[in-house]
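Chemist: I need the structure of the sequence given here:
(chains A, B and C)
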Amino acid sequence: MITPELFDHLVELAALELSPPEAEYLRQQLNQQLKALQELVAIPVQASIPPALHGVSYTAEIRPPIREDEWIPSPYAEAILNQAPEVDERYIVVPDIPHQDLE
Amino acid sequence: MTIEYEAVIGLETHIQLNTLTKIFCSCKADSWNDPPNTNICPVCTGLPGVLPVLNKAAVEKAMLLAAAMNAEIQPISYFDRKNYFYPDLPKGYQISQYNLPIARGGYLVFPMPDGTERKVTIHKMHLEEDAGKTKNDFGRRLIDFNRCGVPLVEMVTGPDLHSADEAAQYILRLRQLLRWIGVSEADMEKGHLRCDANVSIRPKGTSILNPKTEIKNVNSIVAIRESIQTEVQRQIREVQAGHPIESWTLEWDEESGILRKMRSKETEADYRYFREPDLLSLEIDEQWKNEVLSTLPELPLQRRARFVAQYGLPVYDADILTTERSLSEYYEAALSAYQGDPKRVSNWIINDLLRILNDLAISAVELKITPTYLAQIIRMVDDGTINNTTAKALLDKVQSSGKEPAAIVSEEGLAKVSDAEALERLIAQLITDNPEQVANYRKGKTGLLGWFVGQVMKQTQGKADAQLARSILEKYLAE
Amino acid sequence: MDLCDYAAYQLVWMIKRKQVSACEVLESTLRRINAVDGMPGQIEGDRNAEPDKIHAFISLTAERARRQAQQIDQAIQAGEEVGPLAGVPFTVKDIFCVADTLSTAGSKILSNFVAPYTATPVARVEQAGGILLGKVNLDEFTFGSSNESSAFQPSPRNPWNTSRVPGGSSGGSAAAVAAGEGCLSIGTDTAGSIRQPAAFCGVVGVKPTYGRVSRYGLIAFGSSLDCPGPLARNVSDAALLLQIMSGVDPHDSTTANLPVPDYVTDLEKPIKGMRIGLSPDYFRITYVDAESGELDQQPIPDDYRQAIYRVAGRLAEMGADIVEEIPMPHTKYSIPAYFVISRVEAASNLHRYDGVKYGYRTQQAVNDLREMYRKTRGEGFGLQPKLRILMGMYVSAAQYSEQYYLRALRVRTLIRRDFEVIFDPNGKYRLHALLTPTTPTTAFPIAQVYGDSVLMQFADQLTVAANHAGLPALSFPCGFDSEGLPFGAQLIGPDFSEDQLLRLARNYELVTESDQWRKRLPPILRNV
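Modeler: This next block holds a predicted model:
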């Protein structure tokens, strides 16, 4: 059960500002999904079953070769900067991060 | 009664590997002289849809470092995502290694200036990507992604250091090692080697671990020493005033010498580490490992010890000669060409060659005075062909011309004037030309002998065999 | 029948022989789009606008397409070699970055993002001469099975009945292909997002083996599950498109370093002796009761079951061996495991949308960076991404990770093992493919399921196991229900067996070529 307190912690971690109706809907849906997860928690899974990062097993034969250390200059630097909401002299600009001096 | 406190310090170092390209994309890693946001591509700026592709050289350099730190290279390791928001982290997660990193264990034993040794254990060592840089600008932050994706090895020590000096010494030795094995430029000023210090205090003699603070951004040997000292004193003051130490994250402002409190840290749980699905496991088989480790040289502190044991050098000499790998190799090459007293070669290097290296700001491999040339010069002094003064001047001539020392000596006639007849002629003339000094000498001002020797040296441009000149002069002046 | 209704392989043949020009094919397709598509989806658009249109597109890039078509025609006129897809108009699900196009993921948070680079599978199709028509709509960040969650409204409707959803998340792709708005589309499949809309819209959709097609440029959802794949009106076209998209990519280290077989040439080779399995576990659906949270099992509708058994019968006519009662005991755990794995990966993948580098940034005044993050993400994401982010945060938190995430990865192993057993060439079953319904139902009405995130997720119940296991799977049309909505049959095969699945599906097309149901057209095309 996701309590309002836990929910608020998740929302803070997720950096989301939610309206009250949104928050209510989301918390209710999360708890519905948690019910669906009870089945997962109930499955007998032995610890000897290895977790699978991918379904396909990447044998040595099908792994692509590791990348050699070769420089390929990217043509996209300007286009990337063009997408930024605020840029000043090639720097991307964001609001400040608060901090406090100690004596 | 006042309680005496000791510091408990662990260092978290971030080491930029000196690969040509970044760890997960083909952008140039080194952006030192480049304007902001130039060495960037969709991958290292976290554009939607991009995927990381691991750089072989980064893995190999991490392997070398692991071996040099006595850590165990793992046949299979994994990359994980460490999730948090920060504007210098374009994907909102850092690709790092969590519970199954490339190496396990490790330690470094290093000497303190007083000759005692310290052993620091390595808690964690893993590969990861660097973040970008941010800087304050009047109430806003400016972000440069050039550094994003530069390969890093993060290495965390156990809480094994107990003073600011020990911490500084560890970093010095680590820096030496990194350059020695060629995995990092380790220039702290350029951020190649960065350090965060975890600092707590405890009453001396106890073994408890108290809440610690983390000082970020201590990026010079001086900063390490000063910030840790400042923080240890602050903690002592707080504890003595009855205040608890809180697990703050602090930032060291090197210019003003003050500590700043940063945002409250996310706890480990909040990073929500999980396996990076965009990368396969990193598998290092024996063959690859052996291939890479076969290039690992003898390490600096081993070589330092060997120089003492094998050549009978004082620790002081061995320490200087092993500051840099190229210098130590130069020493051994010169010694083997010289085939004589190891200490004599060491003296020449420490007294004369280092001056040249410093003046020219070059390393030993770049010297035009090859080890063979140095050996030749020392030999010429030994067999009396040239005197010390000539030899020192000769070093500079070889360095500027690149010519063989013996050739310069013969071309420029630098060999000592030890022909007694020639010297006698010169001295006879000197006696004739300086009747006053001769008279004074004969009246008992025997100190003038030095002046006469000086005149002889002057007229022979320093090439005269001073010993011989002195005895001839004594003979003439006595008459 | 207009030019835009021809199969891709026919168009290439005609264009290369100068019987038609790429420009003519393109103009025919643009006329069709103009006739049936209606207004494109837009931010804050009216969900109910033009309910009799398809609304497949977010951005139509007609001028770019015209330039590409002209180049193809010029090359052909000049006698130059052109690619295997020369002049074929195709659409791309707007989850792929394509250089100089809006690449929105159906989300407000990327509504102004113009990608600087092109995704590998799209670049390969363009390289092969394909003509990009534009970007088609989807569920926001692909999170859904109906397309209703797109921030760009109106969202796509089903060409067979515009009061029904086209399925999702590649709903725009499936609807466009079905309506002749481009013969081919590139979609993505994380839990069924190619196959389910393909089934709902009566087209062919292939989810390739994980690692067969590069994900570079695919805006990530569940990175260990996502697969780009083709949607087309027939198996041959799907094979043609898959051929081009597949293969190792230096930008994606999870692509398999395996040669790509020829998918096209052997399509019509006989299937005699191939072993096709039917599993009772794929003819029932497990629901979680919304009130009690109890599990409830229901058989899939009888007409759907019969449709799949008819497919088995026709394949048997062609010489395939049908093996019944194949046990797939872990299939029913696919959804709960998916709830965990996909949310963990999605929450992390969505971290990067923070208003710093690209896309939407809040217009409100903020005091500090954190507030900018919160407002940007609060305003920029719709409910479905928010839900997945929060769920992902919860199940991957250190204290729950063992209970949920690691367990889900272990369950994935169990799901995979079910398949390894039935496909083992030396095992008891020795199957070449499993034949199942693609979906539990035919296309459901708009607004019926939307809003109930659990029920919506169960639409993927029959498709998601293949994503967990990484296996290739294909959906192809196999008739209609009494309301005129298409049934989809799914084939799931062993790793990298796309060639076999395509061959089976093509043989089914051949044997049903003259069936009455094959002659049906989506009602929306009757008056064009």
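
Chemist: residues contacting residue 96?
Modeler: Just so you know, I chose chain A. Contact analysis of A:D96 by CB atoms under 8 Å, 6 or more residues apart in numbering or on different chains lists B:N136, B:G139, B:R140, B:R141, C:D368, C:L369. Backbone N, C-alpha and C define where each C-beta goes, glycine included.

Chemist: not quite, I wanted chain B
Modeler: B:F79, B:D80, B:R81, B:K82, B:H126, B:L127, B:E128, B:E129, B:E154.

Chemist: and it, how far is that from C:S348?
Modeler: 13 Å (CB to CB, to the nearest Å).

Chemist: and for these two, which residues touch both?
Modeler: What both B:S96 and C:S348 touch, as defined by CB under 8 Å, 6+ apart, is the set B:R81.

Chemist: my read: A:L16 touches C:T376, true?
Modeler: No. Judged on CB atoms under 8 Å, A:L16 makes no contact with C:T376 at a distance of 9.6 Å.

Chemist: look up how far C:P159 lies from C:R526.
Modeler: Taking CB to CB, one finds C:R526 at 11 Å from C:P159.

Chemist: who has more neighbours, the two?
Modeler: Neighbour totals were compared for C:R526 and C:P159, and C:P159 leads with 30 against 7 (other CB atoms under 10 Å in any protein chain shown).

Chemist: about what we covered before: can you tell me which of the contacts of A:D96 are up against chain A?
Modeler: B:N136, B:G139, B:R140, B:R141, C:D368, C:L369 (CB under 8 Å from any CB of the partner chain).

Chemist: tell me how far the longest strand seen in chain A lies from the chain's centre.
Modeler: Assignment by DSSP state E gives strand A:91-95 as the longest strand of chain A. How far strand A:91-95 lies from its chain's middle: 22 Å, per CA atoms, centre = their mean, to the nearest Å.

Chemist: other SSEs contacting that strand?
Modeler: Here strand A:91-95 touches strand B:140-144, helix C:369-380, going by 3 or more CB pairs under 8 Å, 6 or more residues apart in numbering or on different chains; DSSP states H and E.

Chemist: just put these in JSON lines and tack on mean neighbour count.
Modeler: Listed next are the helices and strands packed on strand A:91-95 as JSON lines, based on neighbours: other CB atoms under 10 Å in any protein chain shown:
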{"stretch": "strand B:140-144", "mean neighbour count": "20"}
{"stretch": "helix C:369-380", "mean neighbour count": "22"}
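
Chemist: in TSV: those, plus mean pLDDT.
Modeler: As requested, these are arranged in TSV below (pLDDT from 0 to 100):
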stretch	mean pLDDT
strand B:140-144	95
helix C:369-380	97
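
Chemist: out of these, which comes closest to C:N234?
Modeler: Relative to C:N234, the nearest member of the helices and strands packed on strand A:91-95 by CB to CB is helix C:369-380, separated by 39.1 Å.

Chemist: quick one: whichever helix or strand comes after that closest one near chain B?
Modeler: Later in the chain than helix C:369-380, the nearest helix or strand by DSSP states H and E is helix C:383-396. Yes. Contact of helix C:383-396 with chain B (CB under 8 Å from any CB) involves C:G392, C:M393, C:S396.

Chemist: most neighbours among those, which one is it?
Modeler: With neighbours defined as other CB under 10 Å, the most crowded of those is C:G392; it has 30 neighbours.

Chemist: tell me if I'm right that that residue and C:I341 touch.
Modeler: No. Using CB under 8 Å, C:G392 is not in contact with C:I341, being 9.6 Å away.

Chemist: for the residue of chain A at minimum distance from chain C, give me its contacts.
Modeler: Proximity of chain A to chain C (CB to the nearest CB) peaks at A:G55, 2.7 Å away. For A:G55, the contacting residues are C:Y210, C:S224, C:R412, C:I415, C:R416, C:N467, C:H468, C:A469, C:G470, C:L471, by CB under 8 Å, 6+ apart.
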